[in-house]
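Peer 1: structure for the following, please:
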Amino acid sequence: MAESCFAPARPFLPSDSQAARDYADIIRSDFEDYIQNIQSYFRCLDSERARAFEEAREVSEDYARFLQLAGD
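Peer 2: I've put the predicted structure just below:
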(Lines give C-alpha, C1' and ligand atoms only; values in the text may rest on other atoms or scores of the structure.)
Protein backbone atom coordinates (compact mmCIF):
# COMPACT_ATOMS: atom_id res chain seq x y z
CA MET A 1 0.00 0.00 0.00
CA ALA A 2 1.36 3.39 -0.95
CA GLU A 3 2.27 5.75 1.83
CA SER A 4 1.25 9.40 1.71
CA CYS A 5 4.06 11.77 2.52
CA PHE A 6 3.07 15.31 3.37
CA ALA A 7 5.64 18.10 3.41
CA PRO A 8 5.49 20.33 6.47
CA ALA A 9 4.46 23.94 6.05
CA ARG A 10 7.32 26.34 5.73
CA PRO A 11 7.71 28.43 8.90
CA PHE A 12 6.77 32.08 8.78
CA LEU A 13 9.58 34.59 9.14
CA PRO A 14 8.40 38.15 9.69
CA SER A 15 10.23 40.82 7.75
CA ASP A 16 9.84 43.24 10.66
CA SER A 17 12.76 42.92 13.08
CA GLN A 18 10.62 44.07 16.02
CA ALA A 19 8.06 41.32 15.34
CA ALA A 20 10.91 38.81 15.05
CA ARG A 21 12.18 39.86 18.49
CA ASP A 22 8.69 39.96 20.02
CA TYR A 23 7.86 36.45 18.81
CA ALA A 24 11.36 34.96 18.85
CA ASP A 25 10.43 31.97 21.03
CA ILE A 26 7.47 31.04 18.85
CA ILE A 27 9.41 31.53 15.61
CA ARG A 28 12.38 29.54 16.92
CA SER A 29 10.03 26.71 17.91
CA ASP A 30 8.35 26.80 14.48
CA PHE A 31 11.73 26.47 12.76
CA GLU A 32 12.87 23.65 15.03
CA ASP A 33 9.57 21.82 14.44
CA TYR A 34 9.98 22.31 10.70
CA ILE A 35 13.50 20.87 10.73
CA GLN A 36 12.32 17.82 12.66
CA ASN A 37 9.28 17.35 10.42
CA ILE A 38 11.18 17.79 7.16
CA GLN A 39 13.54 15.02 8.26
CA SER A 40 10.54 12.75 8.85
CA TYR A 41 9.20 13.78 5.44
CA PHE A 42 12.48 12.83 3.76
CA ARG A 43 12.41 9.43 5.49
CA CYS A 44 8.84 8.93 4.29
CA LEU A 45 9.83 9.81 0.71
CA ASP A 46 12.77 7.39 0.86
CA SER A 47 10.50 4.63 2.13
CA GLU A 48 7.85 5.29 -0.50
CA ARG A 49 10.48 5.40 -3.25
CA ALA A 50 11.83 2.00 -2.18
CA ARG A 51 8.29 0.58 -2.03
CA ALA A 52 7.44 1.94 -5.49
CA PHE A 53 10.62 0.50 -7.03
CA GLU A 54 9.84 -2.92 -5.58
CA GLU A 55 6.28 -2.73 -6.84
CA ALA A 56 7.48 -1.73 -10.31
CA ARG A 57 9.88 -4.69 -10.35
CA GLU A 58 7.07 -7.05 -9.38
CA VAL A 59 4.74 -5.59 -12.00
CA SER A 60 7.43 -6.01 -14.66
CA GLU A 61 7.77 -9.67 -13.70
CA ASP A 62 3.98 -10.10 -13.79
CA TYR A 63 3.88 -8.53 -17.24
CA ALA A 64 6.60 -10.88 -18.50
CA ARG A 65 4.57 -13.84 -17.17
CA PHE A 66 1.45 -12.47 -18.85
CA LEU A 67 3.24 -12.15 -22.18
CA GLN A 68 4.36 -15.79 -21.89
CA LEU A 69 0.83 -16.95 -21.07
CA ALA A 70 -0.67 -14.90 -23.89
CA GLY A 71 1.91 -16.22 -26.34
CA ASP A 72 3.30 -12.80 -27.22
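Peer 1: show me where this structure has helices.
Peer 2: Here the chain has its helices, by DSSP state H, at 17-22, 24-70.
Peer 1: now those helices in CSV, with mean pLDDT?
Peer 2: Listed next are the helices of the chain as CSV, based on pLDDT from 0 to 100:
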stretch, mean pLDDT
helix 17-22, 96
helix 24-70, 97
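Peer 1: so which of these is nearest A9?
Peer 2: helix 24-70 (7.7 Å; CB to CB). C-betas here are computed from N, CA, C, even on glycine.
Peer 1: now do the closest one: distance to the chain's middle.
Peer 2: Relative to its chain's centre, helix 24-70 lies at 6 Å (CA atoms, centre = their mean, to the nearest Å).
Peer 1: that older thread, make a markdown table out of the helices of the chain and add distance to A9 and mean neighbour count.
Peer 2: Listed next are the helices of the chain as a markdown table, based on distance: least, CB to CB, whole Å; neighbours: other CB atoms under 10 Å:
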| stretch | distance to A9 | mean neighbour count |
| --- | --- | --- |
| helix 17-22 | 18 | 10 |
| helix 24-70 | 8 | 11 |
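Peer 1: between the ones you listed, which gets nearest to F6?
Peer 2: Of all the helices of the chain, helix 24-70 comes closest under CB to CB, at 7.2 Å.
Peer 1: give me the contacts around stretch 35-44.
Peer 2: Residues outside stretch 35-44 that contact it (CB atoms under 8 Å, 6 or more residues apart in numbering): E3, C5, F6, A7, P8.
Peer 1: could you single out the nearest of the residues you listed to A19?
Peer 2: Nearest member of the contacts of stretch 35-44 to A19, counting by CB to CB, is P8, at 21.8 Å.
Peer 1: residues touching that closest one, list them.
Peer 2: Applying CB under 8 Å, 6+ apart, we find P8 in contact with D33, Y34, N37, I38, Y41.
Peer 1: neighbours around R10, how many?
Peer 2: Using other CB atoms under 10 Å, R10 has 10 other residues around it.
Peer 1: return the distance of it relative to E55.
Peer 2: Per CB to CB, to the nearest Å, R10 is found 31 Å from E55.
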